[in-house]
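**Student:** build the 3D model from these lines:
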Amino acid sequence: MMCNPFGIQRCGRGKFALAVPVLAVALLAAIFVIPTAIAPPPAVSQTADEVVRSVDATIQTRQDMQHEQDEWEAERTSLIARYRSAQASIGYLEKRRTTEQARLDALQDRIAELQRRVEESVRLESSLEDTLRTVLRRLEESVSRDLPFLTEERSLRLASLRQELVRPDIAGAEKLRRLLEALQIEAQYGGTVEVYQDRITVADESIHTDILRLGRLSLFWMTPDGRRVGRYDEATGQWVELPGKYRRSIQRTVELATRMRPTAIVGLPIGRVAP
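**Tutor:** I've put the predicted structure just below:
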């Protein structure tokens, strides 16, 4: 018995047989359908790898961000501390600046005052030189018109003072001190009495005598043996001899001046006092 090509027929021995066309269609369907059903697993596997990589990247990014955030937080804390320290330093330095500015102002005022004094001292020193020379000239004139006592000593003092006043290495204050010292010595002559030895000329005769100085009032002389006495005549500018009647009074005055006799009243021919 022939099997039907378009259907299932019972074939020999009670078995069924498929028609050839149906078998062919079934095979073609199996060829095209089975690959389609088996294809998705590779696609799913590829998507999972990408997800893993994405998750890993996200985790790494998060870790990197957390690390940067930690670093930034540490840097922020450090910057805040430095800022606060800087603020404190600024406050301290502001106070120091105010203090130092006050000191600077005081020093500048002091410098200005010292500069003014230096300029003033230069001006005074310049004028002082002229004043000292003027005073010295008047002192020399006064000594030249004065009684001729201690002539050599006084001349040497004035000559030394004249040389010192022109020396540039001596300060003006020292020059003034020495000039005042010379003036003081000359002034003291007017209130002292002394006896000293000197050689004088009387009527063209050179005589070694004891000179009695009564301040700046008068000068008397007496020979060492006491036989001759005299005085200085201011009118003529000459040493003159006095009569013997004045010998005792002059000798007693010499003894009083040398403290060889106690205080006593004596009369001396002083002469006319110039008005």
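
**Student:** name the helix or strand for residue 197, please.
**Tutor:** Element membership for residue 197, per DSSP states H and E: strand 193-202.

**Student:** following element in sequence after that strand, please.
**Tutor:** As assigned by DSSP H and E, the chain's next helix or strand after strand 193-202 is strand 205-214.

**Student:** can you give me the buried ones in that next one?
**Tutor:** 207, 209, 210, 211, 212, 213, 214 (16 or more other CB atoms under 10 Å). Yep, even glycine has a C-beta here, placed from its N, CA and C like the rest.

**Student:** hey, what's the last one bridged with?
**Tutor:** When you say that, I think you mean residue 214. Beta-bridge pairing for residue 214 (DSSP bridges): residue 193, residue 218.

**Student:** that one against residue 193, yeah?
**Tutor:** Yes. Look at residue 214 against residue 193 with CB atoms under 8 Å: they come within range, at 5.7 Å.

**Student:** rewinding a little: let me know the closest of the buried residues of strand 205-214 to residue 256.
**Tutor:** Nearest to residue 256, judged by CB to CB, of the buried residues of strand 205-214 is residue 212 at 9.6 Å.

**Student:** what's the closest non-adjacent residue to the closest one?
**Tutor:** residue 220 (4.3 Å; CB to CB, 6 or more residues apart in numbering).

**Student:** check which helix or strand covers that neighbour.
**Tutor:** In this assignment (DSSP H and E), residue 220 forms part of strand 218-222.

**Student:** show me what secondary structure element comes after that strand.
**Tutor:** Defined by DSSP H and E, the subsequent element after strand 218-222 is strand 229-233.

**Student:** could you check the angle that following strand makes with strand 218-222?
**Tutor:** Strand 229-233 runs at 150 degrees relative to strand 218-222, counting by axes from the mean of the first three to the mean of the last three CA atoms, to 10 degrees.

**Student:** in three-state terms, label residue 184 for me.
**Tutor:** Here residue 184 is recorded as helix under DSSP: H, G, I helix; E, B strand; the rest coil.

**Student:** just to revisit the earlier point, quick one, the strand holding residue 220 and strand 193-202 angle?
**Tutor:** Using the same axes, to 10 degrees: strand 218-222 against strand 193-202 is 70 degrees.

**Student:** chain center to strand 218-222: distance?
**Tutor:** Mean-position distance between strand 218-222 and its chain equals 63 Å (CA atoms, centre = their mean, to the nearest Å).

**Student:** ok, stretch 227-246 next?
**Tutor:** That offset, for stretch 227-246, works out to 68 Å (CA atoms, centre = their mean).

**Student:** send the alpha carbons of that stretch over as PDB?
**Tutor:** The C-alpha coordinates for stretch 227-246 follow below in PDB (Å, rounded to 0.1, in the frame of the first residue of the first chain):
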ATOM      1  CA  ARG A 227     116.800 151.300 101.600                       C
ATOM      2  CA  ARG A 228     115.100 152.400  98.500                       C
ATOM      3  CA  VAL A 229     111.400 152.400  97.700                       C
ATOM      4  CA  GLY A 230     109.200 153.700  95.000                       C
ATOM      5  CA  ARG A 231     106.000 153.300  92.900                       C
ATOM      6  CA  TYR A 232     104.700 153.000  89.400                       C
ATOM      7  CA  ASP A 233     103.500 156.400  88.100                       C
ATOM      8  CA  GLU A 234     100.500 155.700  85.800                       C
ATOM      9  CA  ALA A 235     100.500 159.200  84.500                       C
ATOM     10  CA  THR A 236     104.000 158.900  83.100                       C
ATOM     11  CA  GLY A 237     104.100 155.200  82.700                       C
ATOM     12  CA  GLN A 238     107.400 155.100  84.600                       C
ATOM     13  CA  TRP A 239     108.800 153.600  87.800                       C
ATOM     14  CA  VAL A 240     109.800 156.400  90.100                       C
ATOM     15  CA  GLU A 241     111.600 156.500  93.500                       C
ATOM     16  CA  LEU A 242     109.800 157.900  96.500                       C
ATOM     17  CA  PRO A 243     111.300 159.800  99.400                       C
ATOM     18  CA  GLY A 244     112.600 157.900 102.400                       C
ATOM     19  CA  LYS A 245     109.600 158.800 104.600                       C
ATOM     20  CA  TYR A 246     107.500 156.200 102.800                       C
END
